[in-house]
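Novice: Output the structure for:
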Amino acid sequence: MIADIHALAGAYVLDAVDDLERAAFDRHLSECDACRGEVGELREAAVRLAGGTWSVPPPRLRDNVLDEIRKTRQLPPRAAKPVVAPAGRRRRLVAVAAAVVLAAAGAGTAAYQIQDQRVRDAQASAAATRAEQERVNSILASPDLTVRTQQLDGGGRVTIAYSRLRDAGVVSLIADAPPTGGRVFQLWTVHATKPVDEGVLAVGQTSVVKVIDHMPSASDVGVTAEPAGGSRVPTDPMLADLKIV
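Specialist: Coordinates of the predicted model:
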């Protein structure tokens, strides 16, 4: 389980924990009277501290603004002189206007189709995100959930939560900074001494939450720094190496 889970009380009250740590601490609260009391006291203190962070506008502010509006002269709209075009020119203008209307209609149809595709893409992305979140929640709600965490070399932490009943796990990576030299973080599991690529982060990306199938059958979950695009085998040394037991 998470080392010294009692120390998460302050971060838990400030919502500064990730989903895995929140699930572990929620379970811990049901068993620890001391942490329940500490959480209650910290929440009360947070409410009191937040009470002085806003102020009421001065009573005369609205009246002063309205008074300035009344004293400030508003510029009248410019009167445009009517322009009468010759008959031939008027016909040409009508034809051009009609062409503009038709072109605008065509452009409007194309814009609608592009926007409609964007909406469908956004809906598909949202559905995929919801499905992934439901899988995460399902794993975190498992009665046999095991949670482990480890500091990441270079700053940050890696947390894994896995369930043998679900035959899956969740890894959460939160780094203080990306690897140097344009390198990226890459996730791995190790099955029977064979490393398996579990995902490569983008250049500059410092956090990820990912579901990994068959995590309980692995011996390790690791993180390395690799060239952009990832590697076929891990580059030593591991930045984090969490054991599955």
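
Novice: Domain-wise, how is this protein divided?
Specialist: Domain assignment for the chain, taken from automatic domain parsing, gives 5-50, 146-243.

Novice: okay, the ones you listed, which one's buried deepest?
Specialist: Each of these was scored by mean neighbour count; the highest is domain 146-243, a mean of 17, by mean count of other Cβ atoms under 10 Å. Quick note: C-beta positions are derived from backbone N, CA and C, even for glycine.

Novice: okay, how far is it across that one, tip to tip?
Specialist: End-to-end distance of domain 146-243 (Cα to Cα, to the nearest Å): 11 Å.

Novice: can you check stretch 21-37 too?
Specialist: 19 Å.

Novice: who touches that stretch?
Specialist: 1-2, 5-6, 8-9, 11-12, 17, 39, 140-141, 145, 147, 149, 159, 161 (Cβ atoms under 8 Å, 6 or more residues apart in numbering).

Novice: what does stretch 137-151 give?
Specialist: With Cβ under 8 Å, 6+ apart, stretch 137-151 has contacts from 1-3, 19-21, 23-24, 27, 157-166, 168-170, 211, 240-243.

Novice: My read is that Thr224 contacts Trp188, right?
Specialist: Yes. With contacts counted by Cβ atoms under 8 Å, Thr224 reaches Trp188, the gap being 6.7 Å.

Novice: Show me whatever sits in contact with both of the two.
Specialist: Contacts common to Thr224 and Trp188, judged by Cβ under 8 Å, 6+ apart, are Pro234.

Novice: what bridges to Thr159?
Specialist: Thr149, Ser172 (DSSP bridges).
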